[in-house]
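S.K.: Quick one: sequence plus predicted model below, questions after.
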Amino acid sequence: MSHGKIREDKTCLNCGHQVEERFCPNCGQENIESRHPFYFLFTHFIEDFTHYDGQFWGTLKNLLIKPGALTCIYLEGKRQKYVPPVKLYIFVSFITFFSFALFPMANVNLDDEKDDKSPSETHFFDKMKSSEVKKIIDSIKTKPILTREDSVSINALSALSDSSKTGGLKKALKMDKKIDTDITYNGYKTRKSYDSAVAKNPSFLDFIQIPVAHKFYELKESGVTKAEILKNLLEKSFHNLPKALFIYLPLFAFFLWIFHNKKKWWYFDHGIFTLHYFSFLLLNILFVFLLVNLTNIVNVGAINTLLYLIITFLILYSIAYFFIAHRRVYHAHGVVSFIIGVLLFTINFFAFTFLIVGLALVSFMMIH
């Protein structure tokens, strides 16, 4: 509720009706003074989004600890007490991605490294002690028969152990090197040879492969390093992620619509469930993101262990949340709800993975 001063004049500035109390009975506009101090812009903005009277905090509480409760309440028609689903999703998206912009997106440092790093600049892979890696290698070697996968694991862990001694992940992956001239795309070293081969043997996937191949050869010829490519890919993917999530909203609701009674549940109902679930996911991602960044600041073993336990719990809770909310909203039998939930989870996993791959391709094409 706004805390603006009520006007002495009881005539509504919007429609001209008489206003007996705070709000006009005809148009609903608040009858407060139209001129305010400058700080009112900021307080009004916060009130509009958080509903200072408790609406926002009640919504947040139900969203986080009562899976499906907000959707049930909204579909029952009780919509005044809580923040509307669309407004909630937009606000949570804004807060989440604004927080991402304020803090580093990844722990892996791809810039030039110095050997005399301070403890605060030590990254995740640097924190792994070589002795711990050797213990894992030794445990694998104790097997009576080593498989091909065991050999690959030993080589990978050995490389990781060596990289922690010599300067980290960057040196292990040679991220400071340019794309080698011997590296090919589909077996072709140059754009000319690739275009010639495509002209002779066209494919229905050429509309995807040709632009990607041309971008690969462009980056190869310009002398871009692997670190620069990865850094740009992460940045572009990050900026495209809100668009991807927004695009996926109706698709998630569509899968819900397929698996439920068309007469009992409208597509609108599934949309409300989707908005609430995605709002929760964004908040959960935000909490995990902040906790991971906190583990990079705090170097106390016991506290870091506690933080990692909380992160693990949040990840597991985000999965369990869907099944609990699904059963609570759709009132299905426990076994039936679980089976449908597993099918929906599997389908959405592959569908979202496909979308992420597409996002990565778009991000790669935007690198320059």
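M.R.: Thanks, I have the structure now. These numbers were taken from a predicted model, which means no experiment stands behind them.
S.K.: C-alpha from now on. contacts and neighbour counts both.
M.R.: Will do.
S.K.: Near F98, how many residues? Count them for me, please.
M.R.: Neighbour count for F98, taken as other Cα atoms under 10 Å: 11.
S.K.: Using CSV, list the CA coordinates for the helix or strand hosting it.
M.R.: Using DSSP states H and E, F98 falls within helix 85-102. These are the backbone C-alpha positions of helix 85-102, laid out as CSV (Å, rounded to 0.1, in the frame of the first residue of the first chain):
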residue,chain,number,x,y,z
PRO,A,85,1.9,-15.3,-11.7
VAL,A,86,3.1,-13.2,-14.7
LYS,A,87,4.2,-10.3,-12.5
LEU,A,88,5.9,-12.7,-10.1
TYR,A,89,7.9,-14.4,-12.9
ILE,A,90,9.0,-11.1,-14.4
PHE,A,91,10.2,-9.8,-11.1
VAL,A,92,12.0,-13.0,-10.2
SER,A,93,13.6,-13.0,-13.6
PHE,A,94,14.8,-9.4,-13.2
ILE,A,95,16.3,-10.1,-9.8
THR,A,96,18.0,-13.3,-10.9
PHE,A,97,19.7,-12.1,-14.0
PHE,A,98,20.5,-8.7,-12.4
SER,A,99,22.4,-10.7,-9.7
PHE,A,100,24.1,-12.7,-12.4
ALA,A,101,25.3,-9.5,-14.0
LEU,A,102,26.8,-8.2,-10.7
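S.K.: State the distance from S93 to K189.
M.R.: From S93 across to K189, the span is 43 Å (Cα to Cα, to the nearest Å).
S.K.: Please apply the same query to L251.
M.R.: For L251, the distance to K189 - Cα to Cα - is 39 Å.
S.K.: ditto for V335
M.R.: V335 is 55 Å from K189, by Cα to Cα.
S.K.: Between those two, point out the one with more neighbours.
M.R.: K189 (16 against 10).
S.K.: Give me the pLDDT for the more buried one.
M.R.: As predicted, K189 sits at a pLDDT of 74.
S.K.: what's the helix or strand for D9?
M.R.: Using DSSP H and E, no helix or strand contains D9.
S.K.: how close does it get to C27?
M.R.: Taking Cα to Cα, one finds D9 at 17 Å from C27.
S.K.: Next: F289.
M.R.: Taking Cα to Cα, one finds F289 at 43 Å from C27.
S.K.: can you check I356 too?
M.R.: 46 Å.
S.K.: Domain ranges for the chain, per the record?
M.R.: Residue ranges for the domains of the chain, per automatic domain parsing: 1-36, 40-110+225-368, 118-174.
S.K.: and those domains, which one's lowest on average pLDDT?
M.R.: domain 118-174 has the lowest average pLDDT among those, namely a mean of 54.
S.K.: picking that back up, which one's more surrounded, I356 and C27?
M.R.: More crowded of I356 and C27, by other Cα under 10 Å: I356, with 17 against 12.
S.K.: does the more buried one sit in a helix, a strand or a coil?
M.R.: helix (DSSP: H, G, I helix; E, B strand; the rest coil).
S.K.: what about the residue nearest to it when sequence neighbours are not counted, how many residues close to it?
M.R.: Among residues not flanking I356 along the chain, A244 sits closest, at 7.8 Å (Cα to Cα, 6 or more residues apart in numbering). Counted by other Cα under 10 Å, the residues lying close to A244 total 17.
S.K.: what helices or strands is the helix or strand harbouring A244 leaning on?
M.R.: A244 belongs to helix 226-258 when assigned by DSSP H and E. Counting contacts by 3 or more Cα pairs under 8 Å, 6 or more residues apart in numbering; DSSP states H and E, helix 226-258 packs against helix 267-297, helix 334-365.
S.K.: residues contacting G334?
M.R.: R327 (Cα atoms under 8 Å, 6 or more residues apart in numbering).
S.K.: Could you tell me how far it is located from L63?
M.R.: 22 Å.
S.K.: Now do the end-to-end distance for stretch 70-81.
M.R.: Termini of stretch 70-81 sit 10 Å apart (Cα to Cα).
S.K.: My read is that F323 contacts G341, right?
M.R.: Yes - between F323 and G341 there is a contact under Cα atoms under 8 Å: 5.9 Å.
S.K.: now stretch 198-218: mean pLDDT?
M.R.: For stretch 198-218, the per-residue pLDDT averages 81.
S.K.: and P25, helix, strand or coil?
M.R.: Assignment for P25 (three-state DSSP): coil.
S.K.: list the contacts for the nearest residue in space to it that is not next to it in sequence?
M.R.: Excluding its sequence neighbours, the residue lying closest to P25 (Cα to Cα, 6+ apart) is V19, at 6.8 Å. V19 makes contact with K10, T11, C12, P25, N31, according to Cα under 8 Å, 6+ apart.
S.K.: measure V19 to N284 for me?
M.R.: 44 Å.
S.K.: Kindly report the same for A69.
M.R.: The value you get for A69 to N284, if Cα to Cα is used, is 17 Å.
S.K.: now swap in Y248 and tell me
M.R.: On the measure of Cα to Cα, Y248 and N284 end up 18 Å apart.
S.K.: again, but for W257
M.R.: 25 Å.
S.K.: Could you do I303 as well?
M.R.: Applying Cα to Cα to I303 and N284 gives a distance of 20 Å.
S.K.: now swap in T305 and tell me
M.R.: 19 Å.
S.K.: So between those two, which is more surrounded?
M.R.: The neighbour comparison of T305 against N284 (other Cα under 10 Å) goes to N284, with 19 against 12.
S.K.: which ones are touching that one?
M.R.: L314, I315, S318.
S.K.: Of those, which belong to helices?
M.R.: Mapping those onto helices (DSSP state H) picks out L314, I315, S318.
S.K.: Include neighbour count and distance to V224 when you put those residues into CSV, please.
M.R.: Converted to CSV, those look like this (neighbours: other Cα atoms under 10 Å; distance: Cα to Cα, whole Å):
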residue, neighbour count, distance to V224
L314, 17, 38
I315, 16, 36
S318, 16, 39
